[in-house]
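[1] Fold the following, please.
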Amino acid sequence: MKAIINATILCPVNGLIKNGTVLFNGKIKSIGKNVKVPSGTKTIDADGRYVVPGFIDAHTHQGLFDGSIGWAGTDGNEMTKPITPEMRGIDSFNPDEPSLKEVLFGGVTCLNTGPGSGNVISGEAFVVKPTGAAVVDEMILKSPSGLKVAFGENPKRVHGGEKRTPSTRMGVASLLRKALVDAQNHKRELQAYLEKAEEATKKGETPPNPPKRDLGLETLIKVINREIPIHAHAHRADDIATVIRIAKEFSIEVVLIHCTEGHKIRKVIAKSGFPAVIGPTMFWTGKPETRERGFRTAVELNNAGVKVALQTDSITPMNYFPILPMNVIKEGMSREDALKCVTINPAEILKIDNRVGSLESGKDADIVIWSGDPFDFYSKVEQVFINGKNIPLK
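    So this is what the prediction gives:
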C-alpha cells in the first residue's frame, strides 16, 4: 500500500483538495483530506505539489509509425485497398517505438492508438497504458476501442491517385455504406444459419454448413451491433455532416475525430449526441481541409454541449500534451472543463471511465505528481504511477 500525502489534489470529479491524501495499491483505495493511512504504508510527501489523474490522449498513432527509421517503421496504413476492417492496429504496435518514451513527460498515462487515415476503413484501434512492458498485450486496457474510418482528402488522395475508388467524397461515402450493408447481409446470413442449425438439432438432423468466415465483416458486425463505434476522421464541416448522415442511416455509434471545422456546425453536432476528439491543432496547415484549425473549435463545441476531448494525433509530441488544455483555457474554456477534456471526457468517450479518467475509489491508480499546477507552463511531471506502480521517467 502507498499513500501520497500533503498533496494539492486536482480531479475532474472531486475538484480541488488541498492538503489531501491518496491511498492506493493497484487501485485507488481512498482520497480526501482526512484519509486514514494504515501503519506500514509507504508514504510519499507531495509537500503541496499537484496530484492529478493521468491524462488521456483519445486519438494517436503512437507505436505504429517510427519516423526515426523511415519506411521500415511505417506500419499504420495498409493502403493496398480502401476497405480493410480486418486490420488490427495491435499487430503493428512496437513497444520500443521511440516516441513512446515522451508520453510520460506529458503526464499521459493512457492513449488510444491505431491505424491511420489512408483508407476509407483502416482497421481496429485500441487503448494502451505506457507501462514500458516488452509486449503490447501487457499494455492493453481495451481492444478494440473502435473501428477507424476516414473521410475527405486522405482516402481520396491515396486511392484516387491509384485510379481506383474513391477519388471523390461521394466515393468515400459509397464504399463505407456498401461495407456496412455487406455486414448487415452477413449478419442475417449468420442468424439464418443459427436458426436452421438449432432446428436441425432439435429434429436430430445434421445441421447445415456454417457460412464462410470473413474477418472484416465480423468486425463490421460489431459496429452494426453497436459493440464498438467508428472513429471517424473528418476535418471539413461537410465531411462531418456526412459522417452523421451515415450514422443515422445505420444506427451506429460514432466518435468524431479531428472535427476541425466543427465550430461551423456545432448545433448539428450537439444534436447528434456524438462526441468530438479535437486536434491536432499545433501543426502547420498541410492540406486545405485543415486551414481553419484552432483551439476555438474545442471551446465552441464544449459551449454547445458537445462532449469534447483533446488529442495530439501523434503530430504534436506528447511530452507537450499539457499545452493543449492550456491553449483552450486561453481561448476562454474554464479550467474545470479543460481538465475534463484530457481526463474524464476521453475516458467516457472511449468507455473506459470505469477504470481511468479521475481519482476515485476503485479506479486504477494512474496518478501523476506535478511540481506545480499542470496548467502552468513551468510545471513539470515529477512522478508517474500506472496501476499503482511507479514508472521511471527516462
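[2] Okay, the closest residue in space to residue 323 that isn't next to it in sequence and residue 338: tell me how far apart.
    Distances taken as Cβ to Cβ, 6 or more residues apart in numbering place residue 282 nearest to residue 323, at 6.9 Å, with adjacent residues excluded. The way it works is simple: take the backbone N, C-alpha and C, and place the C-beta from them, glycine included. Per Cβ to Cβ, to the nearest Å, residue 282 is found 15 Å from residue 338.
[3] quick one: strands adjacent to the strand or helix carrying residue 145?
    Assessed by DSSP states H and E, residue 145 sits inside strand 140-150. Using DSSP bridges, the strands paired with strand 140-150 are strand 121-128 (antiparallel), strand 230-234 (parallel).
[4] Report the next helix or strand after the last one in sequence order.
    Okay, so that is strand 230-234. helix 237-250.
[5] Residues touching that following helix, excluding its own?
    151-152, 169, 173, 176-177, 180, 184, 224, 230, 232, 234, 252-254, 256, 259, 261-262, 264-265, 268-269, 272, 274, 289 (Cβ atoms under 8 Å, 6 or more residues apart in numbering).
[6] tilt between that helix and strand 230-234?
    Counting by axes from the mean of the first three to the mean of the last three Cα atoms, to 10 degrees, helix 237-250 lies at 160 degrees to strand 230-234.
[7] How far off centre is helix 237-250?
    20 Å (Cα atoms, centre = their mean, to the nearest Å).
[8] Could you check the pLDDT of the nearest residue to residue 8 once chain neighbours are set aside?
    Leaving aside its chain neighbours, residue 8 sits nearest to residue 50 (5.0 Å; criterion: Cβ to Cβ, 6+ apart). Note on residue 50: pLDDT of 98.
[9] picking up where we left off before, please render the strands paired with strand 140-150 as JSON lines that adds mean pLDDT to the earlier fields.
    Below are the strands paired with strand 140-150 laid out as JSON lines (pLDDT from 0 to 100):
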{"stretch": "strand 121-128", "mean pLDDT": "98"}
{"stretch": "strand 230-234", "mean pLDDT": "98"}
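[10] now the helices for this protein?
    153-160, 169-203, 215-224, 237-250, 266-272, 296-303, 323-330, 335-340, 344-349 (DSSP state H).
[11] which stretch among those helices comes nearest residue 315?
    Nearest to residue 315 among the helices of the chain is helix 323-330 (11.7 Å), distances taken as Cβ to Cβ.
[12] Average pLDDT for the strand holding residue 145, rounded please.
    98.
[13] Any idea how far it is from the middle of the chain?
    8 Å.
[14] for stretch 61-80, same thing?
    19 Å.
[15] what sits up against it?
    84, 87, 89, 92-95, 97-100, 103, 111, 113-119, 122-123, 128, 136, 158-159, 313-314, 318.
[16] neighbours around the closest residue in space to residue 294 that isn't next to it in sequence, how many?
    Once flanking residues are discounted, residue 294 sits nearest to residue 281: 6.5 Å by Cβ to Cβ, 6+ apart. Residue 281: 24 surrounding residues under other Cβ atoms under 10 Å.
[17] And for the one 4 residues further on?
    The number of residues packed around residue 285, counting by other Cβ under 10 Å, is 11.
[18] Let me see the contact set for it.
    291, 293.
[19] Tell me, what's the model's pLDDT at it?
    So, for residue 285, pLDDT stands at 80.
[20] How about residue 246?
    98.
[21] can you count the residues close to residue 381?
    With other Cβ under 10 Å as criterion, residue 381 counts 21.
[22] ok, now how distant is it from residue 310?
    With Cβ to Cβ as the criterion, residue 381 and residue 310 are 17 Å apart.
[23] Same question for residue 323.
    For residue 323 relative to residue 310 (Cβ to Cβ), the value is 10 Å.
[24] Neighbour count for those two, which is higher?
    Ranked by neighbour count (other Cβ under 10 Å), residue 323 and residue 310 place residue 310 first, with 29 against 17.
[25] so what's the more buried one closest to, chain neighbours aside?
    Closest to residue 310 by Cβ to Cβ, 6+ apart is residue 324, at 4.3 Å.
[26] next one: residue 158
    Spatial nearest neighbour of residue 158, chain neighbours left out: residue 118 (4.6 Å); criterion: Cβ to Cβ, 6+ apart.
[27] what sits against the one you found?
    So residue 118 contacts 77, 78, 79, 150, 154, 155, 158 (Cβ under 8 Å, 6+ apart).
[28] If we use 6 Å, what do you get?
    By Cβ atoms under 6 Å, 6 or more residues apart in numbering, the contact set of residue 118 is 77, 79, 154, 158.
[29] just residue 274 next, same as before
    By Cβ under 6 Å, 6+ apart, the neighbours of residue 274 are 254, 256.
[30] Nearest the middle, which residue of the protein would you pick?
    For the chain, the residue nearest the mean C-alpha position is residue 58 (2.8 Å; Cα atoms, centre = their mean).
[31] count of residues packed around the residue nearest to that one when sequence neighbours are not counted?
    Among residues not flanking residue 58 along the chain, residue 346 sits closest, at 3.8 Å (Cβ to Cβ, 6+ apart). Residues lying near residue 346 (other Cβ under 10 Å) number 31.
[32] Kindly report the same for residue 301.
    23.
[33] Looking at it now. What's its pLDDT?
    Value listed for residue 301 in the pLDDT field: 98.
[34] List the contacts of residue 90.
    By Cβ under 6 Å, 6+ apart, the contact set of residue 90 is 126, 136, 143.
[35] In contact with the last one: list those residues for me.
    I take that to be residue 143. 90, 126.
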